[in-house]
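S.K.: Let's see this in three dimensions:
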Amino acid sequence: MLDFKPLHPQDAQILRPYLTGEGRICDNTPGTAVMWRGSFNPHYAVRNGTAVLRMYHSQGGETYSYPSGNAPEELLEEI
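M.R.: This is a model prediction of the structure:
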């Protein structure tokens, strides 16, 4: 089971190697995740060189970012 932690501004440094904004998508950057944390209450998990974000929505429900790093398939199986 993945160990998700609440995202705090200082955690941006942890996520920087994984959330690079590749493909010109600003949603996949540490700054955007921190900036929207008041709206989406993001949590993150890092395992085996791979990171994933979990966001909660005001209407209920949650979504996950596509895992980024060395072993995305491993985290996909869990989320």
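S.K.: Whichever strand or helix holds residue 32 packs against which elements?
M.R.: Assigned by DSSP states H and E, residue 32 belongs to helix 30-35. Using 3 or more Cβ pairs under 8 Å, 6 or more residues apart in numbering; DSSP states H and E, the elements in contact with helix 30-35 are helix 12-15. (Each C-beta comes from the backbone N, C-alpha and C, glycine too.)
S.K.: quick one, what contacts residue 2?
M.R.: By Cβ atoms under 8 Å, 6 or more residues apart in numbering, the residues touching residue 2 are 45, 47, 52, 75, 78, 79.
S.K.: and the gap between the closest residue in space to residue 69 that isn't next to it in sequence and residue 61?
M.R.: Excluding the flanking residues, the one nearest residue 69 by Cβ to Cβ, 6 or more residues apart in numbering is residue 50, at 3.3 Å. Look at residue 50 and residue 61: by Cβ to Cβ, to the nearest Å, they are 23 Å apart.
S.K.: Thanks a lot, catch you later.
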